[in-house]
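1. Fold the following.
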Amino acid sequence: MKDKDVIRLPEGAALEYAKHSFSAYRRCTNGCSYCYLNRGLLKKSFGSGKPELRTCFKTEEDVVMRFEEELKKKKDMLIEDGGIFFSFVTDPCLNETIGLTRRCAIMAMENDVPVTILTKMADWSYFSSSFDMLELGVSKKLLCVGFTLTGHDEMEPNANSNDARIWAMQNLHDMGVKTFASIEPIIDFESSLLMIEKTFNFCDLYKIGLRSGVKRDYYDNDKLAFFIGQVEGILMHSKLNTKVYWKQSVRQRITFPDSSFWTERFGVDADYNIFKQ
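-> Below is the predicted model of the structure:
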């Protein structure tokens, strides 16, 4: 993958979220204490701070031009693979990033390429003014908006509250937009379960994973297995055909007699395409 590409192939654990990602900005102002980008070698280039364009881009107009070129070349592949994810190394709905996110996301959808956005921002004005797809004639069937939900506002000091994100999720779902929740990282099982209990009737997909960079005994395997059963029980009562993807961080800790458990009933694999459902 060329370094100057705006639409990039994620690496490592990020591939559990998407096959293609929008990569224009780096750094984030949410200030999450658990963020993996604030550790080790990644901190210098991608850690917390005011978002800035990657050094290979001079201006936002440069990004838009490159995005349009790549979109035309990769369109068929992007559609088949479930579209473009916004984004891994910043929050795409910050004041500094949302303008560029809006321009490129709408361009993608106008070309029938699905868009998935993951954010911790929930001010309704972000969505009503910046993602007015209906007024622009862009099909809402090509948009999925997700929110990271940990239940721990104190660990995400500059992001909107978890309750505000839940409110935004419900409003988007009521508009007919697909929604998902990133229950990652699990800080504690009780908080994560509460986030699911509050959202299961307007969340189309959960992606659930453990916290990275902590000692193995941070999680008790018996409690984790019990938590998995509790989530399954909640989803039985969902008004939707809600699905859950258990990330590899969870699957590697718990062994079931039949490994197909992870994809039975409500479970899906990482390549699940929410836009084909």
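
2. Longest helix in the protein, please.
-> helix 60-80 (DSSP state H).

3. Return the distance of it from the chain's centre.
-> Mean C-alpha position of helix 60-80 versus that of the full chain (CA atoms, centre = their mean, to the nearest Å) differs by 20 Å.

4. Tell me the buried residues in it?
-> 60, 63-64, 66-68, 70-71, 74, 78-79 (16 or more other CB atoms under 10 Å). Every C-beta, even on glycine, is put in place using the N, C-alpha and C of the backbone.

5. Which single one of those is nearest to Asp222?
-> Leu78 (42.0 Å; CB to CB).

6. what sits against the most centrally placed residue in the chain?
-> Centroid check for the chain by CA atoms, centre = their mean gives Leu118 as the closest residue, at 3.5 Å. Leu118 makes contacts with 17, 85-87, 92, 146-148, 182, as judged by CB atoms under 8 Å, 6 or more residues apart in numbering.

7. now swap in Leu193 and tell me
-> Per CB under 8 Å, 6+ apart, neighbours of Leu193: 227, 230-231, 234.

8. Would you mind giving me the confidence score for it?
-> For Leu193, the pLDDT comes out at 98.

9. Could you do Lys223 as well?
-> 97.

10. Looks to me like it is in a helix.
-> Yes: under DSSP: H, G, I helix; E, B strand; the rest coil, Lys223 sits within a helix.

11. give me the number of residues near it?
-> 12 (other CB atoms under 10 Å).

12. do the one 5 residues further on as well
-> Per other CB under 10 Å, the neighbour tally for Ile228 reads 21.

13. do the same with Phe189
-> Quick note: Phe189 (other CB under 10 Å) scores 17 neighbours.

14. State the pLDDT value of it.
-> 98.

15. Can you give me every residue that contacts it?
-> Counted by CB under 8 Å, 6+ apart, Phe189 has contacts 223-224, 226-227.

16. One more pass at 7 Å, please.
-> By CB atoms under 7 Å, 6 or more residues apart in numbering, Phe189 lies in contact with 223, 227.

17. Repeat that for Asn111.
-> 71, 75.

18. now swap in Ser87 and tell me
-> Taking CB under 7 Å, 6+ apart as the test, what Ser87 contacts is 21-23.

19. Can I get these in JSON lines including secondary structure and distance to Glu264?
-> Shown next, in JSON lines, are the contacts of Ser87 (DSSP: H, G, I helix; E, B strand; the rest coil; distance: CB to CB, whole Å):
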{"residue": "Ser21", "secondary structure": "strand", "distance to Glu264": "29"}
{"residue": "Phe22", "secondary structure": "strand", "distance to Glu264": "33"}
{"residue": "Ser23", "secondary structure": "coil", "distance to Glu264": "35"}
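
20. pretty sure Tyr17 is touching Phe85, no?
-> Yes: counting by CB atoms under 7 Å, Phe85 is a contact partner of Tyr17 at 5.9 Å.
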